[in-house]
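> A predicted structure for the sequence below; I have some questions about it.
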Amino acid sequence: MSLIKSITTKPWERKGVIGGLEPEGAFNSPNEKVALSLFLVVASVVFSLFTVGYFLRMELPDWRPLSEPSQLWLNTGLLIVSSILFQWARNITKSNSDKNLRLIFLGGGIFAILFIAGQLMTWGNLQSAGYFMTSNPANAFYYLLTGLHALHLLGGLWVWSKSSIRLLSGEDALNLKLSVELCTLYWHFLLIVWFILFALLSNT
Amino acid sequence: MAYVPLADQDHEMEMHHPHSFVEKYVWSQDHKVIAIQYGGLAVFTGIVGLVLSLLFRMQLGFPETATFIDPSFYYQAVTMHGMIMVVYLLTALFLGGFGNYMIPLMCGARDMVFPFLNMLSVWVFLLSVIILMASFFVSGGPTGGGWTLYPPQTNLAGTPGHDMGIVLMLISLAVFIVAATMGGLNYVVTVLQYRCRGLTMMRLPLTVWGIFVATLLALFAFPALLVSAIMMLFDILLGTSFFMPAIIETGTPLDHNGGSPILFQHLFWFFGHPEVYIVALPAFGLVSDVLSVHARKNIFGYRMMVWAIIAIGGLSFIVWAHHMYVSGMHPYFGFFFATTTLIIAVPTALKVYNWILTLWEGDIRLNAPMYFAIGFIFTFIHGGITGLFLGNVVIDLPLSDSYFVVAHFHMVMGVSPVLVVFAALYHWYPKITGRMFHEGMAKLHFWCTFLGTYAIYLPMHYLGFLGVPRRYYALGTTDFIPASAQDLNTTITVAALFVGATQLLFFINVIWSLRYGPKADPNPWGAASLEWQTPDTPPIHGNWGDTLPTVYRWAYDYSVPGAKEDFIPQNVPENEVPSSAESSENT
């Protein structure tokens, strides 16, 4: 039933059981996936508001654009590989197989860790070059946005590490199908967010 | 912890049956216990907020009588009162308290979708309250920058709590948002995914609709507060200049440069205005159900009520800058926000008309919950109409910094939701506790609260017209404020102390009735919605025994022609509804 149709029905007119024999959710997806999707919308709002703040603050006269380190391209590559590996792992579980699953799933997380390490290196390099957080709002936003993105990734890595431990302890890969799917969704989301942030930081 | 799989349709869900006192009442994953924990903690925090308000009212009514209330303490009390009441009492009570209790029961579910996350939510909420309360004990005390926490004032020497107080406030808010998000994800997914068989969205009681949409608002509006809190913490702790402009503090130029205080205001109010409806929408839902049950009539215009809740929720995101007219803005910008503000009055007024039309020709039972519900209609109309004044730029400008605004928002989002809280607590008390409260004491409580709050806030409108400024510790000598304004202030303080003291009636009633109240009938008001149809009162863990309910109708089948009873529960099929004809044949 479409959304419009469902909220225009006259509930006082129709009696009896509406729907099938089993209780039906609004979405034909696992509850965890519905919750994660909703959380991703909330996280999008957080990043969007920071972006709005960025644009508004940028208009003020003391803004000095930061020349973003070229290492960000390499870091972006690491995150893309991470996302691809998660998608690969997802495809494996989708076909109800577990061939190379452990290796690929672990690899996805390790590349994400390398991405965070790379981001930290850019922080160190910028500090050495005198781009301190307090010296300019553009610098402050750089540290804030990349830090916030890395923090979200760390949250994902916490879930990834729990699933990895289960996988390594010999648990059936089929039991982890949903975890792998949710990690993949989350990683793709953070990759897209990073693309937007990278574009924002590079072009302003 | 034992995992007991359910034998019923909800085979996917595993119940965590508690085996010890600690599991049952402390680390509980039962939504009902969590609701009481949330509600109890919110009410405790609210009592702190209430006491603070009485203290600063003492200063206004009887200046410098209580010597410990110096200007710093006054501003700290005002600030903490505001933030506590809006966020830690009302938001937590409506979403964490009523949301937790009502959603699974009204949806015919055994619990929330994620019980562990739900438990985590209440403990993180406790952490946020502890951090907030800790600010009373740190050097410099809590922040006194006003509940809106506007920089740069909040962060400058001269404002009480500018060092540790504001930091703890911001951290507490961030932690609260984490708790609210964990709870919010649960409420939304439970409503979407865990409704029992036959319970379509349009068969949900308006309580669930109100809480559902308010939770969505919370999920999308709290990020703005989180973002502003993080950026302000950076400004304070790391020396950035997101919001802090170049400024001289007590003769010394600070290191900040070029920050935008207006940016903070936009972010704050992008949260702040939906926050009004985060509180109001659950109240709208709860009061709709109380009115309908005690008027023995279906809610008038159910679909319109649902649409109005959704419309108000959507519009609440595009009215925020009406809080900022005095900050200065482009006239077209002001025109836009004045227009949206007046537009949001349309669905809101529609709801008021529908409440009144629900009462029209109803078989009204003047029980204590109904007193509070009808009282709410009065105070809400009153507060809503003054909102129309303030929504217009030209009227807002002279009134904005006066007591008129204090009167307006206390009527609309202080007294009105609190009356609904009492209506709802008295209404569902028999189901929650299995006991009846003392009706006479509850009605006395109503009259003291209703008349008392009018005695507080009605005169404040006149103070506003006189130009008495809000936020002032003492009025001093002014030409345009007559001496009689102080008499009015004294009267208001006496009324506030009276209202504050008479809230004891509620607590005495609740505690006394818990032990000595007569045992409650499982459905003492004759309500049709699912929560009253549980096999046990109070409902036990799992809510529904072996079998989940099946829903055959909406939640408002009251006084249906031809039916024997004046209500038909949602879980009664059409062929099992006793008819009045059968009943007369039997007699």
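Yep, it's here. Numbering: from 1, shown residues only, chains lettered A, B, ... in the order given.
> drop to CA atoms for contacts and neighbour counts, all remaining ones
Will do.
> secondary structure class for the closest residue to chain B within chain A?
Nearest residue of chain A to chain B (CA to the nearest CA) works out as residue A:25 at 3.8 Å. Here residue A:25 is recorded as coil under DSSP: H, G, I helix; E, B strand; the rest coil.
> again, but for the one 4 residues further on
Secondary structure of residue A:29, reduced to three states by three-state DSSP: coil.
> phi first, then psi, for it.
phi -140, psi 160 (degrees, to the nearest 10).
> tell me how many other residues surround it.
10 (other CA atoms under 10 Å in any protein chain shown).
> mind listing what the closest residue to residue A:92 other than its chain neighbours touches?
Leaving aside its sequence neighbours, residue A:92 sits nearest to residue A:98 (CA to CA, 6 or more residues apart in numbering or on different chains; 6.3 Å). Going by CA atoms under 8 Å, 6 or more residues apart in numbering or on different chains, residue A:98 touches A:92, A:173-174.
> now the closest residue to residue B:520 other than its chain neighbours. Its backbone dihedrals?
Spatial nearest neighbour of residue B:520, excluding adjacent residues (CA to CA, 6+ apart): residue B:435 at 4.5 Å. Here is the backbone geometry of residue B:435 (degrees, to the nearest 10): phi -130, psi 160.
> quick one: pLDDT of residue A:174?
On pLDDT, residue A:174 comes in at 83.
> got it, and residue B:12?
45.
> so who does residue B:142 touch?
Applying CA under 8 Å, 6+ apart, the residues near residue B:142 are B:76, B:80, B:135-136, B:160-161, B:164-166, B:168-169.
> and residue 65, what's its pLDDT?
Picking chain A for this. Residue A:65 is assigned a predicted lDDT (pLDDT) of 88.
> if you could check chain B rather than the one you did, that'd help
So residue B:65 comes in at 90 (pLDDT).
> how much space between it and chain A?
46 Å (CA to the nearest CA, to the nearest Å).
> mind checking which helix or strand of chain B has the lowest mean pLDDT?
strand B:2-5 (a mean of 31; mean pLDDT, DSSP states H and E).
> and residue 113, which helix or strand is it part of?
You didn't pick a chain, so chain A it is. Element membership for residue A:113, per DSSP states H and E: helix A:101-128.
> tell me which other helices or strands that helix touches.
helix A:71-94, helix A:137-168 (3 or more CA pairs under 8 Å, 6 or more residues apart in numbering or on different chains; DSSP states H and E).
> could I get the buried residue list for it?
Buried positions in helix A:101-128, judged by neighbour count with 16 or more other CA atoms under 10 Å in any protein chain shown: A:101-102, A:104-113, A:115-116, A:118-120, A:122-123, A:126.
> ok and that helix relative to helix A:71-94, angle-wise?
Calculated by axes from the mean of the first three to the mean of the last three CA atoms, to 10 degrees, helix A:101-128 forms an angle of 160 degrees with helix A:71-94.
> just give me how far helix A:101-128 sits from the chain centre.
How far helix A:101-128 lies from its chain's middle: 14 Å, per CA atoms, centre = their mean, to the nearest Å.
> same check on stretch B:321-340?
That offset, for stretch B:321-340, works out to 26 Å (CA atoms, centre = their mean).
> any regions of chain B where pLDDT drops low?
Within chain B, the segments meeting pLDDT under 70 span B:1-16, B:582-587.
> for it, give the residue positioned nearest to chain A.
At 3.8 Å from chain A, residue B:193 is the closest residue in chain B, using CA to the nearest CA.
> I'd say that residue and residue A:31 touch.
Yes - proximity of residue B:193 to residue A:31 meets the contact threshold set by CA atoms under 8 Å, at 7.0 Å.
> redo the helices and strands packed on helix A:101-128 as a markdown table? Include mean neighbour count.
What follows is the helices and strands packed on helix A:101-128, written out as a markdown table (neighbours: other CA atoms under 10 Å in any protein chain shown):
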| stretch | mean neighbour count |
| --- | --- |
| helix A:71-94 | 20 |
| helix A:137-168 | 18 |
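> run through who's touching stretch A:153-162.
A:109, A:112, A:183, A:186-187, A:190.
> likewise for stretch B:84-103?
B:31-32, B:34-39, B:42-43, B:45-46, B:49, B:112, B:122, B:129, B:180, B:183-184, B:187, B:190-191, B:207-208, B:211, B:214-215, B:278-279, B:282-283, B:417, B:531.
> what do you get for stretch B:278-291?
By CA under 8 Å, 6+ apart, stretch B:278-291 touches B:86, B:90-91, B:94-95, B:205-211, B:213-215, B:217-218, B:299, B:309, B:355, B:358-359, B:369-370, B:373-374, B:413, B:417, B:420-421, B:423-424, B:427.
> mind running it again at 6 Å?
For stretch B:278-291, the surrounding residues in contact (CA atoms under 6 Å, 6 or more residues apart in numbering or on different chains) are B:91, B:206-207, B:210-211, B:214, B:373, B:417, B:420.
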